[in-house]
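Q: Fold the stuff below for me.
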Amino acid sequence: MNNHIFKVISQKSYMILKIRVKTSSSVSELKEMGDYYVAELKSVPENNKANLELISLIAKKYRVDHRLVRIKSGTTSNHKIVHVDI
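A: Okay, here's the model as predicted:
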């Protein structure tokens, strides 16, 4: 059930992930729920803390540098589209 969107353009690959974020959780984890993910984050959604934790969590999961992970839409929403260069 791997419905990630992969694109190859000029020998560069990336993934687009749909993520629903839940903040103020007791644990930080990323769960696959079919065609989207649910990210439970310890951080509160203030001063970009939750977004930074999400970027770090995704970078760790896919073993990429955090600079290769970008939130394309939803920076102030709990529904996000994230771009990951791989």
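Q: give the contact list for the spatially closest residue to L17 that is not a sequence neighbour.
A: In this structure, L17 finds its nearest non-sequential neighbour in V82, 4.6 Å apart by C-beta to C-beta, 6 or more residues apart in numbering. (Each C-beta comes from the backbone N, C-alpha and C, glycine too.) Going by C-beta atoms under 8 Å, 6 or more residues apart in numbering, V82 touches I16, L17, I19, L54, I55, I58, V69, R70, I71, K72.
Q: Quickly list what V82 is bridged to.
A: Beta-bridge pairing for V82 (DSSP bridges): L17, I71.
Q: and it, how far is that from S73?
A: According to C-beta to C-beta, to the nearest Å, V82 and S73 sit 9 Å apart.
Q: likewise V27?
A: According to C-beta to C-beta, V27 stands 26 Å off from S73.
Q: With D85 instead?
A: 17 Å.
Q: Neighbour count for those two, which is higher?
A: With neighbours defined as other C-beta atoms under 10 Å, D85 and S73 compare such that D85 has more, 14 against 11.
Q: The closest residue to that one other than its chain neighbours: neighbouring residues, count only.
A: Distances taken as C-beta to C-beta, 6+ apart place L68 nearest to D85, at 4.1 Å, with adjacent residues excluded. L68: 15 surrounding residues under other C-beta under 10 Å.
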